[in-house]
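Trainee: Fold the following for me, if possible:
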Amino acid sequence: MIQLIKHIFPNFFRLGLIQLFSILLQFLLIPVVVSRAGIAENGKLLTALSIAVLFSILINYGTSQSGPLARPTAIGLLLALRSILFLGVSAFFLLLYLFDIAFSYFLLGTLPILLAEVLNPYVLCIGADRLRVLAWLNFFGRLIGFLLVYYGWSNAAAAYWVNAYVGAGLVMVFLFFWVYESVKRRLQWEPISVKAIYQLGQTNFPLLLSNLLVHLQQSLVLYSIGAVAGGSVLGIYAIIDKLIWGFRMILTSFSGAVLARALHLYKEGQVAWLLFRQRINRLLALGLLLAAAILVAGAQPLAVLLAKGADEQMLATAIRLAALIPLVTALNLLNVLELLLEKQFSLLNKINFYIFLVVTLFCATLLGLRWMQIDILFWMPIALLFLIETITLLFYEKNRHHSR
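Mentor: So this is what the prediction gives:
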């Protein structure tokens, strides 16, 4: 086990650093917003951010996954596709604003975050093994955004500016990076054509579909709560959703860290791979059980920090209820990785579609409860999220055995 940790930890540290900075600065914003605008407005803000993530997946169009495999000179093509999609999303948000849709203000506020997704240099950095550079870019971008919010925003009626400031910090840093790279390293760009953009769109469409389904599995509950529950319940669940998001980001980094080792052992044969799976799952179970214990023990002070006097006790209970959800998610990590190693992309899409249908059914149940005038209590969406993660684990376990 010690040897395994030595193999994995350096990569995990570099990848996890990127996510850790983003997570901490995102959480530091929550008490600022709650103290100035209230927990309900913070719920709207985080819901808008989750919707922005959905559209950022559309704008990214799987290029972060396919980009490292492409030619270095094809970076311009990826940026061109992202830019076109960003303009389309911007026009859609503006249309919602012109039709006076109330939530459109919050969506317009996320446009700088979506522009940052266009400029995100992840593809260039990971392809050149410059993850430390990317970590610092994210840190300074998030830090600038946090300072802009802390010193530049105080109007509770204009909470939608928070996401705009966060995105502005990232845009400034990413723009600086591209200018520096273009001058210092003299980046080479292939000619960009409509045909090349169309072909890239066709190639990456399965990745886009899979990524959208995965995100909706995780966020459809949040969107439903926004439609059927009161502001306090939405605000509490939005914080829980962001907490679970933080753990998912760390697990994504862990998955990237073990990928090289997993690929090597998978080629050695089933015995080596199964032993590796068992050791990694034990490591994950130990780490996530420890994290759950810390969450349960520290729920009250964490709730005081995040809620700033608004529904602190309810939030503390919600944190305790959600403490085991990351563990269930983690136990599914190598199931997904195994299907990727086997290149079972169609099976992955099939599983994700079935899980999406299950989540949709559960969310429809919430709408039904609201229609019957039954109050949606704060614990209901948390219990629903735990059930969804458990069903997801069972789906993958079943199909993993069938894939071998």
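
Trainee: for residue 192, helix, strand, or coil?
Mentor: Assigned with DSSP: H, G, I helix; E, B strand; the rest coil, residue 192 falls in the coil class.

Trainee: Which neighbouring elements make contact with the longest helix along the chain?
Mentor: For the chain, the helix that runs over the most residues, judged by DSSP state H, is helix 231-268. Contacts defined by 3 or more CB pairs under 8 Å, 6 or more residues apart in numbering; DSSP states H and E place helix 231-268 against helix 2-37, helix 39-60, helix 194-228, helix 270-297, helix 312-322, helix 325-331, helix 333-341, helix 379-403. In this view, the C-beta of every residue, glycine as well, is placed from N, C-alpha and C.

Trainee: how big is the angle separating the last one from helix 312-322?
Mentor: Between the direction of helix 379-403 and that of helix 312-322, the angle (axes from the mean of the first three to the mean of the last three CA atoms, to 10 degrees) works out to 20 degrees.

Trainee: Where does pLDDT dip in the stretch 151-300 of the chain?
Mentor: The model of the stretch 151-300 of the chain has pLDDT under 70 over residues 186, 256-257, 259-261, 263.

Trainee: Please repeat the previous calculation with a cut-off of 50.
Mentor: For the stretch 151-300 of the chain, no stretch is flagged by pLDDT under 50.

Trainee: which of the helices and strands packed on helix 231-268 is buried the deepest?
Mentor: Sort the helices and strands packed on helix 231-268 by mean neighbour count, taking mean count of other CB atoms under 10 Å, and helix 39-60 sits at the top with a mean of 23.

Trainee: thinking again about what came up before, could you dump the helices and strands packed on helix 231-268 into TSV and include distance to residue 250?
Mentor: Below are those laid out as TSV (distance: least, CB to CB, whole Å):
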stretch	distance to residue 250
helix 2-37	6
helix 39-60	16
helix 194-228	15
helix 270-297	9
helix 312-322	15
helix 325-331	8
helix 333-341	11
helix 379-403	16
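
Trainee: closest to residue 164 out of these?
Mentor: helix 39-60 (10.4 Å; CB to CB).

Trainee: Which one, of the helices and strands packed on helix 231-268, ends up nearest to residue 178?
Mentor: When the helices and strands packed on helix 231-268 are compared by CB to CB, helix 39-60 sits nearest residue 178, at 16.4 Å.

Trainee: quick one: that closest one to helix 194-228, angle?
Mentor: Using the same axes, to 10 degrees: helix 39-60 against helix 194-228 is 160 degrees.

Trainee: If you average the pLDDT over helix 39-60, what comes out?
Mentor: The pLDDT scores in helix 39-60 average 89.

Trainee: returning to what we had before: of all the helices and strands packed on helix 231-268, which one comes closest to residue 177?
Mentor: helix 2-37 (13.9 Å).

Trainee: before we move on, the earlier item: for residue 142, which of the helices and strands packed on helix 231-268 is the nearest?
Mentor: For residue 142, the closest of those is helix 2-37, at 4.0 Å, according to CB to CB.

Trainee: can you give me the helices for the stretch 51-200 of the chain?
Mentor: Listed in chain order, the helices of the stretch 51-200 of the chain (DSSP state H, counting those that start in this stretch) span 63-66, 75-98, 104-108, 111-119, 122-127, 131-152, 161-184, 194-228.

Trainee: returning to what we had before: which of the helices and strands packed on helix 231-268 sits closest to residue 147?
Mentor: Using CB to CB, the nearest of the helices and strands packed on helix 231-268 to residue 147 is helix 2-37, at 10.0 Å.

Trainee: Report how many residues lie close to residue 177.
Mentor: Using other CB atoms under 10 Å, residue 177 is surrounded by 20 other residues.

Trainee: residues touching it, list them.
Mentor: For residue 177, the contact set (CB atoms under 8 Å, 6 or more residues apart in numbering) comprises 121, 133, 137.

Trainee: And the pLDDT for the residue lying closest to residue 233 once chain neighbours are set aside?
Mentor: For residue 233, ignoring the flanking residues on the chain, the nearest one in space by CB to CB, 6 or more residues apart in numbering is residue 378 at 5.0 Å. As predicted, residue 378 sits at a pLDDT of 83.

Trainee: Next: residue 357.
Mentor: We note a pLDDT of 91 for residue 357 in this prediction.

Trainee: likewise residue 336?
Mentor: 82.

Trainee: wait, what's in contact with it?
Mentor: By CB under 8 Å, 6+ apart, residue 336 lies in contact with 255, 348, 396.

Trainee: How about residue 330?
Mentor: So residue 330 contacts 251, 284-285, 287-288 (CB under 8 Å, 6+ apart).

Trainee: Please determine how far it is located from residue 274.
Mentor: Plainly put, residue 330 is 18 Å away from residue 274 if you go by CB to CB, to the nearest Å.
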